[in-house]
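Participant: pasting the structure only:
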Ligand SMILES: Nc1ncnc2c1ncn2[C@@H]1O[C@H](COP(=O)(O)OP(=O)(O)OP(=O)(O)O)[C@@H](O)[C@H]1O
């Protein structure tokens, strides 16, 4: 089974994906590293720009029928059996990205993307089987247990677990208004 773990930068994809892969005994795949290794995409500054169709085509060829957890904010564009969309309070995204030294504009861009559900909407356009998990106030272990619980129960779709419009006032300082 292919499990795609997606979400806004800083939401915790890598941390959760590694742990989830370990618990399931699946291969862990970092999609950015995979693209670089396969020579897909071009570096623009420190950002990798990839052709999503080419990425999906190559991934399908290499991983069809295998068991893997794929970590990346484009992973929902791959053919996956399940897409896990991680969510976090946009303020947390802002703080984590600021800590990483991202420029203000990039912090704002990503906080805004989390606020208005950009990745969730994309994932729902691409795949029927989408599970949304709110990581706010949870440890990575708790998040992984929640995902494993849902998989164990056979849940294939669970969305609408967060509504960041309720916390809009707290998020304003991070936005590019
Ligand atoms: N419940 C949680 N789940 C995942 N990460 C968490 C959680 N709580 C705190 N964190 C922390 O948040 C940070 C998330 O970083 P991580 O690199 O995993 O995010 P990412 O979504 O993969 O980012 P990027 O897309 O930029 O690579 C880590 O420092 C992690 O320890």
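Facilitator: Yes, it's here. If you're wondering where the values come from, they're calculated on a predicted model, not measured in any experiment.

Participant: can you tell me the helix or strand for residue 92?
Facilitator: Residue 92 belongs to helix 90-99 when elements are defined using DSSP states H and E.

Participant: list the buried ones in that helix?
Facilitator: Within helix 90-99, the residues that qualify as buried by neighbour count (16 or more other Cβ atoms under 10 Å) are 90, 91, 92, 93, 94, 95, 96, 97, 98. Every residue, glycine included, has its C-beta placed from N, CA and C.

Participant: Give me the distance from that helix to the chain's centre.
Facilitator: For helix 90-99, the gap between its own C-alpha mean and the chain's C-alpha mean amounts to 15 Å (Cα atoms, centre = their mean, to the nearest Å).

Participant: Show residues contacting the helix or strand just after that helix.
Facilitator: Toward the C-terminus, helix 90-99 is succeeded by helix 104-115 as the next helix or strand (DSSP H and E). By Cβ atoms under 8 Å, 6 or more residues apart in numbering, the surrounding residues in contact with helix 104-115 are 8-11, 87-88, 90-91, 93-94, 97-98, 102, 119, 164-165, 168, 171, 174-176.

Participant: do helix 104-115 and the ligand meet?
Facilitator: No: residues of helix 104-115 are not located near the ligand by Cβ under 6 Å from any ligand atom, the shortest gap being 8.6 Å.

Participant: what pLDDT, on average, does that helix get?
Facilitator: Mean pLDDT, computed over helix 104-115, is 96.

Participant: Mind listing what's buried along the strand or helix carrying residue 20?
Facilitator: Following DSSP H and E, the helix or strand that holds residue 20 is helix 13-24. Taking 16+ other Cβ under 10 Å as the basis for neighbour counts, the residues of helix 13-24 that come out buried are 13, 15, 16, 17, 18, 19, 20, 21, 24.

Participant: Any residue of that helix touching the ligand?
Facilitator: Yes: using Cβ under 6 Å from any ligand atom, a contact is recorded between helix 13-24 and the ligand, made by 13, 14, 15, 16.

Participant: Enumerate every residue touching the residue in the chain positioned nearest to the ligand.
Facilitator: Minimum separation of the chain from the ligand (Cβ to the nearest ligand atom) falls at residue 12, amounting to 2.3 Å. Shown here is residue 12, whose contacts under the criterion Cβ under 8 Å, 6+ apart are 86, 88, 135, 140, 143.

Participant: Among those residues, which ones are in strands?
Facilitator: Using DSSP state E, residue 86 are the members of those that sit in strands.

Participant: quick one: which of the contacts of residue 12 has the most company?
Facilitator: The member of the contacts of residue 12 that has the most neighbours, counting by other Cβ atoms under 10 Å, is residue 88 with 25 neighbours.
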